[in-house]
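Asker: predicted model, plus sequence, below.
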Amino acid sequence: MQTGTLTIAGRSYPSRLIVGTGKYPDFDIMRRAIEASGASMVTVAVRRVDLSRRGGESLLDFIDTTRVTLLPNTAGCYTADEAVRTARLGREAGLSDLVKLEVIGDEKTLFPDNEGLLQATRILVKEGFTVLPYTNDDLVVAKRLRDAGAAAVMPLAAPIGSGLGIQNPANLRILLEEIRDVPVIVDAGVGTASDAAIVMETGADGVLMNTGIAGADDPVKMARAMQLAVQAGRLAFEAGRIPKKLHARASSPLEGIVR
Amino acid sequence: MQTGTLTIAGRSYPSRLIVGTGKYPDFDIMRRAIEASGASMVTVAVRRVDLSRRGGESLLDFIDTTRVTLLPNTAGCYTADEAVRTARLGREAGLSDLVKLEVIGDEKTLFPDNEGLLQATRILVKEGFTVLPYTNDDLVVAKRLRDAGAAAVMPLAAPIGSGLGIQNPANLRILLEEIRDVPVIVDAGVGTASDAAIVMETGADGVLMNTGIAGADDPVKMARAMQLAVQAGRLAFEAGRIPKKLHARASSPLEGIVR
Amino acid sequence: MQTGTLTIAGRSYPSRLIVGTGKYPDFDIMRRAIEASGASMVTVAVRRVDLSRRGGESLLDFIDTTRVTLLPNTAGCYTADEAVRTARLGREAGLSDLVKLEVIGDEKTLFPDNEGLLQATRILVKEGFTVLPYTNDDLVVAKRLRDAGAAAVMPLAAPIGSGLGIQNPANLRILLEEIRDVPVIVDAGVGTASDAAIVMETGADGVLMNTGIAGADDPVKMARAMQLAVQAGRLAFEAGRIPKKLHARASSPLEGIVR
Amino acid sequence: MQTGTLTIAGRSYPSRLIVGTGKYPDFDIMRRAIEASGASMVTVAVRRVDLSRRGGESLLDFIDTTRVTLLPNTAGCYTADEAVRTARLGREAGLSDLVKLEVIGDEKTLFPDNEGLLQATRILVKEGFTVLPYTNDDLVVAKRLRDAGAAAVMPLAAPIGSGLGIQNPANLRILLEEIRDVPVIVDAGVGTASDAAIVMETGADGVLMNTGIAGADDPVKMARAMQLAVQAGRLAFEAGRIPKKLHARASSPLEGIVR
Amino acid sequence: MTIVLNGEDREAPPDITVLALLETLDYAPGRVAVELNGDVLRRVDFGRRTLRDGDRIELVQFVGGG
Amino acid sequence: MTIVLNGEDREAPPDITVLALLETLDYAPGRVAVELNGDVLRRVDFGRRTLRDGDRIELVQFVGGG
Amino acid sequence: MTIVLNGEDREAPPDITVLALLETLDYAPGRVAVELNGDVLRRVDFGRRTLRDGDRIELVQFVGGG
Amino acid sequence: MTIVLNGEDREAPPDITVLALLETLDYAPGRVAVELNGDVLRRVDFGRRTLRDGDRIELVQFVGGG
């Protein structure tokens, strides 16, 4: 059954799930988890090469870039300038215009600095980047990111790696009502399958997660769970759920009971 | 990936999802929804034949009994005696010992009459039935049903047809801790995919639903969503989710950032 | 401002809060907490005197029985028979017909055995007791307790001492809709002030708590918090809250803004 | 019992509750509601006089400014410039430096424009205003407002007038952990007493509300409920609640039961 | 003779078997269950058991339910 | 003679009344309740009722509870 | 001469003071604030400042708000 | 001559190209990106651009991240 596809900047991706590549026990588990997740896009970080460690295994040896698209991020950047520089390097390393833009405003929560995020977005859009900004659930900021040319808006469900799931469903609903011309992809905070399903049922276009999968006792199994949950949530959204009622409605007929 | 199977009274069923056959727009949508749900067991009600309507289509013409097992229920019965009579007729009509036992105690909420339920369970177990009792989340009653020989315990998530989802997760967790020797199948109240996923993530052995699928705008699509959600929830339960934290944990490395 | 009074078996009590007397650091803190709570009824347990400890302080030296009514409980009883015997002894010790009837069905959760509870209720009502049964949120049982002559129905909010607060608001709402001729007093599980307020806002006639106060770091202060919370919740219930809306409604006028 | 006082810019206010003056059925109900709320500070809006309506009753005839402090707001302003002009007029009309600063960024949700809010805050602080900015639960913005010299941070619990109560308790907890040198006053979204209690239990220094009281069926009664709820929540916060447990802890002794 | 079929009086030829009754009603014996005077009648007895005046018969089948 | 007091054997002088027993134990009669051989003993009978060999007595009081 | 009062053109006698204007409008000077051509006018200046043709005046007061 | 490579001083032969530098470090040019004195250096220029004394070079690659 079709759950549509995720379209970003005019390009379609078969899966609505984007997964990270960090924090896995080892590269092989990561490889199998990515496969099990069915993701068509994976995030990667841009870091200085460690000159002390020559050779050795490299992340890209474990990602089949013919099947998944790389999405370089600017994780760890605390200013628009740092983020812009990192984005440019990521483009050069990956030969693609996609960037998951992060400008962090607080070290403890890794919450975004929306002001710096907007600046960086404007600069990178001018330079032809396809900008996917990591932000919070602030509708006013989301509209400005969209107006600044962001290719999507990526509000967090909860702090990165917290596993709390969607903390403010009302704000997500409002965001989805108002942001219609670019996809809304919930990024960060998903801890388990139902968290992903709830996000998709609310009408989000996609979900991005890393720790929820990589940190599970069995990352490969959780990756598969997340794939199914995203599909289930999307299908439920499209299927149109029953209204909630306080009281019961019999599912068996009331007539013809043997008395 | 395997999500194990649901074993009831020594017999294994490939799917952990049991679906009802009531309240569908028509028999053909029901047939397709059952198929989309991947259920290996479907509930049916036992009712007097309507002598005024001769011939016409019959429910069983739309259920492939070679692939799904029929589970007759005693819906609509308000006394142990009515339920026992209905169960016996169901066995005769279906030539199977399985029965979803309902003894209703309140018309508005369709909450179970646990006292009558226990009586009926004891009688039917003696007569060789495989009794699957619909009850609430009362641990003390659940233990007695188990001790009376029930083949499973089926607590409600919320009132039948309410679509509220699991209303008391604490009680479900407690029930799952204490009832280990027979399966716990959450019956009634599931409204959308994430409701089913949450139930399975808590560790339930299965889920039974009817209105959540039959009442959706697109029952076939919702049926498929429920199948995926049940699998996703079970896999997440088996995969072992990350712990919840109030604060963030970076998913990208903290070293080597370009500054 | 009046918040009405709690009327049980034709007798009115100024406070809707009933507090326990167990688990306090010492009798003096208990005395001050009871005073701070403004409770007009306090529960006490009935226990064998400890013959090894002669004399010493006694609970009743710290309770002003001219201002608060004693409510003997049958805590720790696992059968109707034990509960009935304990109730009779409590009546003799307290010279009052009031009893908080407990028949426990599970040691780990202290959940009620509703079957035994009903038996004991019928016996004690015949003997002229004013029976206040501790039960769960099972509507069918609640109706039977009422019909058996219970002077109130006392559903738990959550397991005794758990501090989880009301776990199933839907069931409480349903209970309050259906049980109208005797008071519904939520008993057990309240952990903090807002838990009590929520219960009262739902329309409960009263709240009974012990651990939430006695176990707080500052029991006297928490007792006062609970008194205020019960009053606040009741007043809010009577005042009629605003409906919930997803979007905003300006509280300042839209005209005359300086532009 | 003391619940401390709310200290803003070195001045102490006996009540931690701030109430609005908008949307009341009439001025007299407003006057009585303010009195019942025990608030020591009330918000007012600044609007062009309506030249068509000469004379008539005026808001200030119904506020005892000897007992409550006026807090002019900049509601309805969509730019920093509008807000600054309105603040200056408010100061002139009220002869006080206090201002509840609002810069709205979205008409439907009345969510704040944090960028404009920061600009306006910087300007007004320079001009000697005591700035109380209405913002959302964005920690990064809250820190900047504090650093810009705001006398408090006032995050919304939910959209103005929505009555949804605190939508993101995790963010509020984080905010309260990080913002320690100026009071955190939750502003907007409170619908009923328990909402206010929960906010205070989380450790907020105060609550500001309008519609929750003015829009209730009985505003005076709800005002009193809110006063009690704010005190109850604060006391519970100070008293130190019991930890939550999944299972039960008996409140009556386990020894000496009559068997 | 008169029998009570699903709660309604009904004329039936004397000594008719349950099986014959089902046929007159167009019901496939494999799809229905029969309660006769409060007790379930096994299928194998449909052909043997003849009805008597005043017999109370419940004729049930499976319908959609949850 | 021997009585069973709160589950423990105990020597007591013959024909002692419950009231006397309480006094020897320093218990104010107004603060306790007595169950004698499974039945509640009313306070008015504390002074009248004399104990016999083998009597089972439960002596209870109120303690803190919820 | 013509002034703009709260956005509307209005005739006013030449050289009228703000205070006089308020009086003609029945407004207690203590209850309103005045913005003149974009800048707040302090109360002390109500009596001194005379209006000129084309002056833009905003006359505001407190109303109920949250 | 001395260059600053990822923040650390490093000796390098005069007029060495970036490409040559990468080779000495065993890095496949296709897997890394280079920032030279604050500006990204396109791959096509790896072979052309020769390093000068004091050049600041950032050598980055993709690593696991979320």
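Answerer: Looks like it came in fine.

Asker: every contact and neighbour count from this point should use C-alpha atoms.
Answerer: Fine.

Asker: check contacts around A:Leu246.
Answerer: Listed by C-alpha atoms under 8 Å, 6 or more residues apart in numbering or on different chains, the contact set of A:Leu246 reads B:159, B:162, B:164, C:170, C:174.

Asker: if you could redo that for A:Ala250, that was the one I meant.
Answerer: B:110, B:160-161.

Asker: got phi/psi on it?
Answerer: phi -60, psi 140 (degrees, to the nearest 10).

Asker: and it, how close does it get to B:Leu164?
Answerer: Going from A:Ala250 to B:Leu164 by C-alpha to C-alpha, to the nearest Å gives 15 Å.

Asker: could you do A:Thr5 as well?
Answerer: 29 Å.

Asker: which residues in chain E form strands?
Answerer: Counting by DSSP state E, chain E has strands at residues E:2-5, E:8-11, E:32-36, E:39-41, E:56-64.

Asker: in the contacts of A:Leu246, find the pair that's most separated.
Answerer: B:Leu164 and C:Ile174 (13.5 Å; C-alpha to C-alpha).

Asker: which of those two has more neighbours?
Answerer: More crowded of B:Leu164 and C:Ile174, by other C-alpha atoms under 10 Å in any protein chain shown: B:Leu164, with 24 against 17.

Asker: is it true that the more buried one touches A:Ala248?
Answerer: No: counting by C-alpha atoms under 8 Å, B:Leu164 does not reach A:Ala248; the two are 10.2 Å apart.

Asker: residues touching the longest strand along chain A, excluding its own?
Answerer: Ranked by residue count and defined by DSSP E, the top strand of chain A is strand A:41-48. Strand A:41-48 is contacted from outside by A:13, A:17-22, A:34, A:68-75, A:86, A:89-90, A:100, B:252-253, B:255-258, H:6, H:58-66, using C-alpha under 8 Å, 6+ apart.

Asker: what subset of these is buried?
Answerer: Buried subset of those (neighbour count, 16 or more other C-alpha atoms under 10 Å in any protein chain shown): A:13, A:17-22, A:34, A:68-75, A:86, A:89-90, A:100, B:252-253, B:257-258, H:6, H:58-66.

Asker: now, the residues you listed that are in strands?
Answerer: Checking these against DSSP E, those in strands are A:13, A:17-19, A:69-72, A:100, H:58-64.

Asker: of those, which is the nearest to chain C?
Answerer: Nearest to chain C among these: A:Leu17, at 27.8 Å, using C-alpha to the nearest C-alpha.

Asker: identify the bridge partners of that closest one.
Answerer: A:Val207 (DSSP bridges).

Asker: which residues touch the closest residue to chain H within the stretch 151-259 of chain A?
Answerer: Going by C-alpha to the nearest C-alpha, chain H is nearest to A:Asn210 of the stretch 151-259 of chain A, at 5.3 Å. With contact set as C-alpha under 8 Å, 6+ apart, A:Asn210 has these partners: A:19-23, A:161, A:188, B:251, H:65-66.

Asker: same question, A:Ala93
Answerer: H:30-33, H:60-62.

Asker: for whichever residue of chain E sits closest to chain F, which non-adjacent residue is spatially closest?
Answerer: Closest to chain F within chain E is E:Gly66: 42.1 Å, counting by C-alpha to the nearest C-alpha. Spatial nearest neighbour of E:Gly66, chain neighbours left out: B:Gly20 (4.0 Å); criterion: C-alpha to C-alpha, 6 or more residues apart in numbering or on different chains.

Asker: got it, and A:Met209?
Answerer: That would be A:Val19: by C-alpha to C-alpha, 6+ apart, it lies 5.1 Å from A:Met209.

Asker: need the pLDDT of that neighbour.
Answerer: A:Val19 is assigned 98 on the pLDDT scale.

Asker: could you do the one 4 residues further on as well?
Answerer: What the model reports as pLDDT for A:Lys23 is 94.

Asker: can you give me the distance of whatever residue of the stretch 151-259 of chain A ends up closest to chain E to B:Ala216?
Answerer: For the stretch 151-259 of chain A and chain E, the shortest gap (C-alpha to the nearest C-alpha) falls at A:Ser252, measuring 3.9 Å. From A:Ser252 across to B:Ala216, the span is 16 Å (C-alpha to C-alpha).

Asker: which other residues reach stretch A:70-79?
Answerer: Under C-alpha under 8 Å, 6+ apart, the answer for stretch A:70-79 is A:41-46, A:83, A:86-87, A:90-91, A:94, A:98-105, A:113, A:116, B:252, B:254, B:257, H:62, H:65-66.

Asker: quick one on the thing from earlier: pull the CA atoms of the longest strand of chain A into PDB?
Answerer: Extracted C-alpha coordinates of strand A:41-48, given in PDB (Å, rounded to 0.1, in the frame of the first residue of the first chain):
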ATOM      1  CA  MET A  41      18.500   9.700   3.300                       C
ATOM      2  CA  VAL A  42      21.100   9.500   6.000                       C
ATOM      3  CA  THR A  43      22.700  12.400   7.900                       C
ATOM      4  CA  VAL A  44      26.400  12.600   8.300                       C
ATOM      5  CA  ALA A  45      28.600  15.000  10.300                       C
ATOM      6  CA  VAL A  46      31.600  17.000   8.900                       C
ATOM      7  CA  ARG A  47      34.700  16.700  11.000                       C
ATOM      8  CA  ARG A  48      38.400  17.400  10.800                       C
END
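
Asker: what pairs with it, parallel or antiparallel?
Answerer: strand A:17-19 (parallel), strand A:69-72 (parallel), strand H:56-64 (antiparallel).

Asker: what angle do it and strand H:32-36 make?
Answerer: 40 degrees (axes from the mean of the first three to the mean of the last three C-alpha atoms, to 10 degrees).

Asker: distance between strand A:41-48 and the chain's centre?
Answerer: In terms of C-alpha atoms, centre = their mean, to the nearest Å, the centre of strand A:41-48 is set 14 Å apart from its chain centre.

Asker: again, but for stretch A:186-200
Answerer: 9 Å.

Asker: ok, back up a step: gap between the closest residue to the residue of the stretch 151-259 of chain A closest to chain H other than its chain neighbours and A:Gly165?
Answerer: Using C-alpha to C-alpha, 6+ apart and skipping residues adjacent in sequence, the residue nearest A:Asn210 is A:Gly20, 4.3 Å away. Note on A:Gly20: its distance to A:Gly165, by C-alpha to C-alpha, is 17 Å.
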